[in-house]
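>>> The following block contains a protein sequence and its predicted model.
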Amino acid sequence: MGERMSLALSDGLTELGQLLSDYQHEPRILDPEDARTLGDCIKELSRMARAMENRLSAAIWNEQARIEREHEADRIASAASLPGSNIKLFPVIPRPFSDGGPRGVA
């Protein structure tokens, strides 16, 4: 989600609305070539809207999952600290890390 937010969708919809404004004031006929161009514009704007919806949905789901994980961790920590609790936390043991060499020496 590090990408900048594009205004192409709203700008495209505004432009499309302006192109269609003449049809709101007097009867006009849309020739087949213009209809194809209009259809292509609508398809592209729909594609951009779907991409934006998918990014937003992923962000919302990920944030909700993060909140749920935090609540679960808090619940477990609270239960572990109660007197007589049978929940025990494992001690934190430092782990060796590889130096990245071919033999993986720690």
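Arrived safely, thanks for sending. Numbering: from 1, shown residues only.
>>> what does stretch 18-32 rub up against?
L38 (C-beta atoms under 8 Å, 6 or more residues apart in numbering). The way it works is simple: take the backbone N, C-alpha and C, and place the C-beta from them, glycine included.
>>> Roughly how far does the residue sitting furthest away from the middle of the chain sit from E72?
Distance from the C-alpha centroid of the chain, by C-alpha atoms, centre = their mean, peaks at G84 (43.4 Å). As judged by C-beta to C-beta, to the nearest Å, G84 and E72 stand 21 Å apart.
>>> For whichever helix in the chain runs longest, give the mean pLDDT please.
Counting by DSSP state H, the longest helix found in the chain is helix 32-80. In this model, helix 32-80 has a mean pLDDT of 94.
>>> And stretch 89-100, by the same measure?
Stretch 89-100 shows a mean pLDDT of 77.
>>> What residues of stretch 35-46 count as buried?
Buried residues in stretch 35-46, counted by 16 or more other C-beta atoms under 10 Å: L45.
>>> Residues in contact with that stretch: which ones?
L9, G12, L13, L16, L30.
>>> buried subset of those residues?
Here, 16+ other C-beta under 10 Å leaves L9, G12 buried among the contacts of stretch 35-46.
>>> Any chance of a markdown table for the contacts of stretch 35-46, columns distance to A51?
Shown next, in a markdown table, are the contacts of stretch 35-46 (distance: C-beta to C-beta, whole Å):
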| residue | distance to A51 |
| --- | --- |
| L9 | 9 |
| G12 | 13 |
| L13 | 15 |
| L16 | 18 |
| L30 | 28 |
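>>> just checking, which of the contacts of stretch 35-46 belong to helices?
Per DSSP H, the contacts of stretch 35-46 map to helices at L9, G12, L13, L16.
>>> What residues does A65 make contact with?
Contacts of A65 (C-beta under 8 Å, 6+ apart): none.
>>> Mind checking which residue lies nearest the centre of this protein?
R55 (2.5 Å).
>>> Distance of L82 relative to T37?
68 Å.
>>> nope, E44 is what I was after
Taken as C-beta to C-beta, the span from E44 to T37 is 11 Å.
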